[in-house]
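Asker: requesting a structural model of the entry that follows:
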Amino acid sequence: MSERAPRRYTDGTVTFEGGIDAGVMPSEVDKNQVAFAVNANFRQGFVSCRPGFVQKNYDLCVTITADNDQVTADQTNVTADGWSEDCYGPQSISGTFQCALPYIADDGRTFILMLISGEVWFYDVAQNKAQNLSVSDDLKNPSNLLDGWMVQAENFVVIQDGFSRPLIFNGTNLRRAADDEIKCGKVMAYVNGRIWYALPNGFSFRATDIVYGDGTRASVLKETENTFLNEGGDFAVPSDSGGITAMAVPGDPDTSLGQGPLLVFTPRYVFSVQAPVDRDVWKNLNYPIQAISLLTSGALGARSAITINGDVFYRAVDGVRSFIIARRSFTDWGNTPISSEMLNVIENDQTNLLWAGSAVVFDNRLLMTCQPRYNAEGVIHKAMAVLDFDLITSMRKKFPPAWSGIWTGLDALQIVKTENAYGDQCFCIARGSDDSIQIWEITKGEKFDNNVAEGKKEIEWLVQSRAYNFEVPFGLKRLDSGDLFIDQLEGDVSFDVTYRPDQYPGWIEWIDFSECATTTQCLDLCPITNFKPQYRPKMRFPTPSDAPCNQTISTPARNLYEVQVMLNIIGYCRIKSLRVHAYDVQEPSVGECRTVYPACTPLDVCDINPLTYTSEAVNP
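Answerer: Presented below is the predicted three-dimensional model:
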């Protein structure tokens with residue numbers, strides 16, 4: 001009687017719009033998701049590398065004061081208004097980074113203000129120049145403080161460090177606050193025509209005068225209305241709340257300013273402040289101005305609590321949270337964050353450093369720093385967690401947002417976004433390998449990174465598939481081969497493929513290979529047409545070797561119940577689908593690995609931890 005031929009199985013992923021899910025077992029990940037990813041982009045149903053980071057090779061300008069005139073450091077080439085037409089000064093910015101803020105001028109031009117070692121730096125986005133505004137000692141704050149806060153109100157920027165009298169920048173000059181203006185404080189927000197700010201004790205907060213209260217925009221800096229407690233004095237949060245950590249305001253389209261109530265965050269609570277525009281009305285209200293809105297985890301950092309449409313997203317102790325979702329879930333048994341798909345990242349963050357985190361919404365993605373590390377000159381972040389909202393933009397289909405894993409390559413200090421009527425740009429202020437402070441642009445569509453030292457570089461990225469059990473979870477299979485389908489192949493791209501049988505903690509080498517698609521032949525030097533990106537409809541992974549052996553259960557490593565595949569790629573391409581093939585085998589007997597497979601050797605594994613995985617393609 002003839003023996004039955006082994007049954008062949010095929011499993012895989014044909015679309016990737018679901019992003020990642022690291023909060024469940026790999027076998028429970030949805031069919032349109034992957035288990036984890038680093039430097040990946042999940043759009044249009046494909047998975048590719050993230051957009052490129054481009055380092056800004058900016059010029060540095062330094063001014064000094066001499067005979068009440070501002071001149072350049074070498075006292076030459078001075079314009080009529082006292083500013084130099086050229087830039088002179090140090091080759092790089094260094095020091096303890098405290099905070100940064102995008103600034104929008106009245107004419108629509110965009111800039112970035114940075115507080116570094118107590119000095120205020122002004123970066124011109126359009127001209128790619130940075131200038132030190134702290135040109136005298138009285139405009140310098142203490143250099144040993146690790147944190148700072150900024151807010152723009154009208155054309156003014158108020159700069160605080162919780163210790164010094166505030167600095168005020170009006171788009172041209174930097175000065176100290178006057179006696180009748182805003183006092184020393186910490187966290188700030190500009191809401192409904194007033195600057196709200198926390199006092200140095202961390203528990204009290206107050207509001208400045210309303211803008212145009214005296215007929216000028218500068219009235220927003222004054223505190224002349226802050227006289228009596230029942231007419232608008234200081235507010236306070238409970239002593240058990242942990243102190244004020246952030247202020248934010250949700251959007252409200254049915255109001256004249258498009259702003260809802262002020263939200264005051266502490267680590268334990270969230271308070272809302274419903275203050276009327278007219279301060280004289282405050283003392284006659286029959287409802288409380290300040291009320292508790294959320295009795296659950298609050299925000300830990302001022303720069304990581306951001307408004308997204310009518311909601312506020314923020315980083316709490318247990319993950320990323322949405323204020324609206326947390327409010328809606330208040331009566332449920334469990335009020336949970338919205339980042340369980342990023343559990344392996346969230347639970348490994350140092351919570352005592354999350355005060356330094358930052359976040360922006362750019363290109364329809366939430367970018368939030370994570371994996372903070374402390375060094376002698378402040379807190380750096382080894383990665384950015386990415387939540388993609390692009391999946392919900394279609395009119396025909398609506399999908400929930402999808403987590404895209406983490407983006408690495410920069411030691412991020414803060415992420416900022418500049419925007420005006422003509423568009424937006426996103427920048428990452430990062431710490432260089434030489435401890436200098438660098439400015440990188442996070443692009444929307446660049447396929448390669450670009451740094452000053454080496455120019456264009458391929459992006460290194462990683463994707464871990466879900467666990468494929470071939471719809472036979474309890475049947476023993478023998479891994480046979482695999483297929484990878486890609487398109488948009490551009491330049492030299494290398495692939496390193498590994499696999500993991502069942503719950504094995506490491507990764508086993510399968511195959512490494514490279515592909516090349518010449519797309520740029522002449523650049524701008526000749527009229528020959530450049531080639532289009534290429535595609536590969538099927539690239540076959542060969543049968544894995546029988547030699548690697550799982551000594552624990554005495555079977556060949558490719559005998560398994562389920563298998564995960566990890567792709568480590570350097571270069572640009574898009575993955576359309578991935579599939580693996582196997583066939584069934586009989587359950588092994590004890591010692592089969594040694595008797596049937598005499599060449600079997602202990603596993604030669606590649607133990608890649610995505611949390612310590614850092615692309616070297618960006619920051620040399």
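Asker: contacts only, for Val157.
Answerer: Under the criterion of Cβ atoms under 8 Å, 6 or more residues apart in numbering, the contact list for Val157 reads 101, 103, 113, 150-151, 168-170. Where C-beta positions appear, they are placed from N, C-alpha and C, glycine not excepted.
Asker: for it, which non-adjacent residue is spatially closest?
Answerer: For Val157, the nearest residue in space outside its immediate sequence neighbours is Phe169; the separation is 4.4 Å by Cβ to Cβ, 6 or more residues apart in numbering.
Asker: who does the one you found form a beta bridge with?
Answerer: Val157, Leu174 (DSSP bridges).
Asker: hang on, Ile195 packs against Ser219?
Answerer: No - when contacts are counted by Cβ atoms under 8 Å, Ile195 is not listed as touching Ser219 (10.8 Å).
Asker: tell me, how many neighbours does Val151 end up with?
Answerer: Other residues within reach of Val151, judged by other Cβ atoms under 10 Å, total 21.
Asker: and the residue nearest to Val157, what does it touch?
Answerer: When the contact criterion is Cβ under 8 Å, 6+ apart, the partners of Phe169 are 103, 113, 120, 122, 133, 156-157, 159.
Asker: from Ile508, how far off is it?
Answerer: Spatial separation of Phe169 from Ile508 under the definition Cβ to Cβ, to the nearest Å is 57 Å.
Asker: can you show me the helices along the chain?
Answerer: In chain order, the chain shows helices spanning 323-328, 343-346, 592-595, with DSSP state H as the criterion.
Asker: in strands, which of the contacts of Phe169 fall?
Answerer: Where the contacts of Phe169 overlap with strands, as defined by DSSP state E, the overlap consists of 103, 113, 120, 122, 156-157, 159.
Asker: of those residues, buried ones?
Answerer: By the neighbour-count criterion of 16 or more other Cβ atoms under 10 Å, those include these buried positions: 103, 113, 120, 122, 156-157, 159.
Asker: reformat those as a markdown table; add distance to Met539 and pLDDT.
Answerer: Formatted as a markdown table, the entries for these read as follows, by distance: Cβ to Cβ, whole Å; pLDDT from 0 to 100:
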| residue | distance to Met539 | pLDDT |
| --- | --- | --- |
| Tyr103 | 49 | 94 |
| Leu113 | 49 | 96 |
| Val120 | 53 | 95 |
| Phe122 | 50 | 93 |
| Phe156 | 58 | 95 |
| Val157 | 53 | 96 |
| Ile159 | 54 | 96 |
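Asker: hmm, Ile429 is touching Ile442, no?
Answerer: No - contact between Ile429 and Ile442 fails when scored by Cβ under 8 Å: they sit 11.2 Å apart.
Asker: could you tell me which ranges of the stretch 301-450 of the chain sit under the pLDDT cut-off?
Answerer: Confidence mapping of the stretch 301-450 of the chain against pLDDT under 70 gives the ranges 326-335, 392-398.
Asker: same question, the stretch 501-620 of the chain
Answerer: Along the stretch 501-620 of the chain, the parts satisfying pLDDT under 70 run over 521-530, 551-553, 587-620.
Asker: try 50
Answerer: Scanning the stretch 501-620 of the chain for pLDDT under 50 picks out 590, 593-599, 617, 620.
Asker: what are the phi and psi values for the residue nearest to Val320 when sequence neighbours are not counted?
Answerer: Leaving out its chain neighbours, the residue that sits closest to Val320 by Cβ to Cβ, 6+ apart is Ser339, at 4.0 Å. The phi and psi values for Ser339, taken as degrees, to the nearest 10, are phi -120, psi 30.
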